[in-house]
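1. with the sequence up front, the predicted model follows.
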Amino acid sequence: QVHLVESGGGPVQAGGSLRLSCAASGSTSSSWSMGWFRQAPGKEREGVAAIDKNGSTTYADSVKGRFTISRDNARNTLYLQMNSLKPDDTAVYYCAAGPVRWLLARTYTYWGQGTQVTVFS
């Protein structure tokens, strides 16, 4: 069992930055691949970025060059540094743990409760 808690969301002006954190607890949480997903009102949940236990990463095209995913296995914490934010980035952001570094929500086993990010122009 892996328990995930996100933090760091909030309102931010377009062009600004935010860093999301996801604290993980539970057995062998550092061995899982981790991902960030987001869901805007009326839209499906979409993968944003993912990282495996070795640090290899995958990004959605919409965030490449703006977002950076990282993890600190010693602290059991996942991060998402978001720069050059746009209003289209507004969504609830979720972290998730799963066996593979894919951007498909159905491949992830454990989920956090989400944190709201609102980008205003």
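-> Cool, got the structure. Residues are numbered from 1 along each chain as shown.

2. show me what contacts the residue positioned nearest the centre of the chain?
-> The centroid of the chain falls nearest to Trp36 when counting by C-alpha atoms, centre = their mean (2.2 Å). For Trp36, the contact set (C-beta atoms under 8 Å, 6 or more residues apart in numbering) comprises 20, 22, 47-50, 67, 69, 78, 80, 93-96. Just so you know, the C-beta spots here come from the backbone N, C-alpha and C atoms, and that holds for glycine as well.

3. closest one to Gly114 out of those, please.
-> Tyr94 (4.7 Å; C-beta to C-beta).

4. wait, a strand at that closest one?
-> Yes. Counting by DSSP: H, G, I helix; E, B strand; the rest coil, Tyr94 is found in a strand.

5. how close does it sit to Gln13?
-> According to C-beta to C-beta, to the nearest Å, Tyr94 and Gln13 sit 23 Å apart.

6. beta partners of Ala91?
-> When bridges are called by DSSP bridges, Ala91 pairs up with Val117.

7. quick check: it touching Gly42?
-> No. With contact defined as C-beta atoms under 8 Å, Ala91 does not count as touching Gly42 (10.9 Å).

8. which of the two has more residues huddled nearby?
-> Under the criterion of other C-beta atoms under 10 Å, the comparison of Ala91 against Gly42 puts Ala91 first, with 22 against 5.
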